[in-house]
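In: here's a sequence, model it:
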Amino acid sequence: MARIGFVGLGNMGGPMARNLLKAGHAVTGFDLSSEALAAHAAAGGARAGSAAEAATGADFVVTMLPAGRHVRDAWLGAGAMAAATAPSAILIDCSTIDVATAREVAGAAGRPMLDAPVSGGTMGAEGATLTFMVGGPDDAYAAATSILSAMGRSIVHCGGAGAGQAAKACNNMMLAANMIITAEAFVLAEKLGLTHQALFDVASKSSGQSWALTSYCPVPGPVPASPANRDYKPGFATALMAKDLGLAQDAATTAGAVTPLGAEALALYRRFLEAGNGDVDFSGIIGMLRGLAGR
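Out: Below you'll find the model as predicted:
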């Protein structure tokens, strides 16, 4: 059993912390939301009065926060988490943030630190089936594998500090573009009189196959677990996808990479977001694409 501090008990962090509790670890949590703290306590976790208190005395300290500025402040700024940890503690940031901030915080923390963003959305967090993309030192990764395994199904060490965030940016750019073209294909199929099921049955067994189609199909019916069958309740919200695409484009600019499809995906998701769909699952963009087709 490990002593774990967990800061950020929201839609993703809350179920991740609960899975650590189910695995037998002692988890002390902190969140600015009293409701999130109450849910953590109801699941058997201990409450901390501050982020630094959650980190004190822990073997592992996990953060799941909205953006790079929150991560920097929690670990190095007002949150004072890095200074509160024991020298032997391993720090794990599961937030999705920019590569530069991940490397900055890891370099200044004074403790072994991993950037370990996740893929799998709230369903993966609930079911402990997340994929972790991990950057950081080999020995810290080896020590943290059992902790990450309690929250996810696939754990990949991508390289040094920031490599996990780099992998997440690339992965989600691919996912966004895949979802858009998959949705466009279903809109075209509708115009051509082809049923959703017929297109799914063909594409899922041929060269059009993708995760966006077979696990997260943007139309109701073919994949019962997809958000399309729940009126596009996330899942993975459009606001988060737009954020991740922005991080990918920032990284592309910094690295001097040309990503025209990634840039177009960002433009389309920002358009969908600005129409008031921030809390809609990102697969719900099919509705906007139908509108653009004049349906």
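
In: what residues are up against the spatially closest residue to D73 that is not a sequence neighbour?
Out: Of all residues not flanking D73 in the chain, G79 sits nearest, at 5.7 Å (Cβ to Cβ, 6 or more residues apart in numbering). For glycine as for every other residue, the C-beta is placed from the backbone atoms N, C-alpha and C. Taking Cβ atoms under 8 Å, 6 or more residues apart in numbering as the criterion, G79 is in contact with V7, S50, A51, A52, D73.

In: can you pull out the strands in this protein?
Out: Using DSSP state E, the strands of the chain run over residues 3-7, 26-30, 46-47, 60-63, 90-93, 113-115, 118-119, 130-135, 152-159.

In: can you give the contact residues for stretch 32-52?
Out: 5-7, 9-10, 13-14, 17-18, 21, 26-31, 54, 74, 79-81, 83-84.

In: what does stretch 166-173 give?
Out: Against stretch 166-173 from outside (Cβ under 8 Å, 6+ apart): 96, 99, 117-119, 133, 135, 156, 158-159, 241, 244-245, 247-248, 251, 259, 262, 265.

In: what residues sit buried inside it?
Out: A166, A167, K168, A169, C170, N171, N172, M173 (16 or more other Cβ atoms under 10 Å).

In: average pLDDT for it?
Out: In this model, stretch 166-173 has an average pLDDT of 96.

In: again, but for stretch 129-147
Out: Computed over stretch 129-147, the average pLDDT equals 97.

In: do stretch 215-228 as well
Out: 96.

In: and the end-to-end length of that stretch?
Out: 11 Å (Cα to Cα, to the nearest Å).

In: equivalent analysis for stretch 110-121, please.
Out: End-to-end for stretch 110-121, by Cα to Cα: 31 Å.

In: check the offset of it from the chain's centre.
Out: On the basis of Cα atoms, centre = their mean, to the nearest Å, stretch 110-121 sits 10 Å off its chain's mean C-alpha point.

In: and that stretch, what's buried?
Out: Per 16+ other Cβ under 10 Å, stretch 110-121 contains these buried residues: R111, P112, M113, L114, D115, A116, P117, V118, S119, G120, G121.

In: now swap in stretch 91-108 and tell me
Out: By neighbour count on 16+ other Cβ under 10 Å, the buried set for stretch 91-108 is 91-99, 101-106.

In: once you drop chain neighbours, what's closest to R18?
Out: What sits nearest to R18 in space, not counting adjacent residues and going by Cβ to Cβ, 6+ apart, is A43, at 4.7 Å.

In: if I look at the one you found, what pLDDT would I see?
Out: 97.

In: equivalent analysis for the one 4 residues further on, please.
Out: Looking at R47, its pLDDT stands at 97.

In: what is the neighbour count of it?
Out: Look at R47: counted by other Cβ atoms under 10 Å, it has 16 neighbours.

In: bridged to it, which residues?
Out: G29 (DSSP bridges).

In: so the closest residue to T254 other than its chain neighbours versus A36, what's the distance?
Out: Distance criterion Cβ to Cβ, 6+ apart; nearest residue to T254, sequence neighbours excluded, is A100 at 7.4 Å. Separation of A100 from A36 (Cβ to Cβ, to the nearest Å) stands at 29 Å.

In: repeat that for C170.
Out: Counting by Cβ to Cβ, the gap from C170 to A36 is 30 Å.

In: what does A82 give?
Out: Computed as Cβ to Cβ, the A82 to A36 distance reads 23 Å.

In: ok, back up a step: buried among the contacts of stretch 166-173? Need that as a selection in ChimeraX.
Out: Buried residues among those (16+ other Cβ under 10 Å), as a ChimeraX selection:
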select :96,99,117,118,119,133,135,158,241,244,245,247,248,251,259,262,265
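
In: show me this structure divided up by domain.
Out: 3-160, 166-292 (automatic domain parsing).

In: and among the ones you listed, the most buried is which?
Out: Compared across these, domain 3-160 shows the largest average neighbour count, a mean of 20 (mean count of other Cβ atoms under 10 Å).

In: so who does the residue of the chain positioned farthest from its centre touch?
Out: The C-alpha centroid of the chain is most remote from G193, which lies 36.3 Å away (Cα atoms, centre = their mean). Not one residue lies near G193 by Cβ under 8 Å, 6+ apart.
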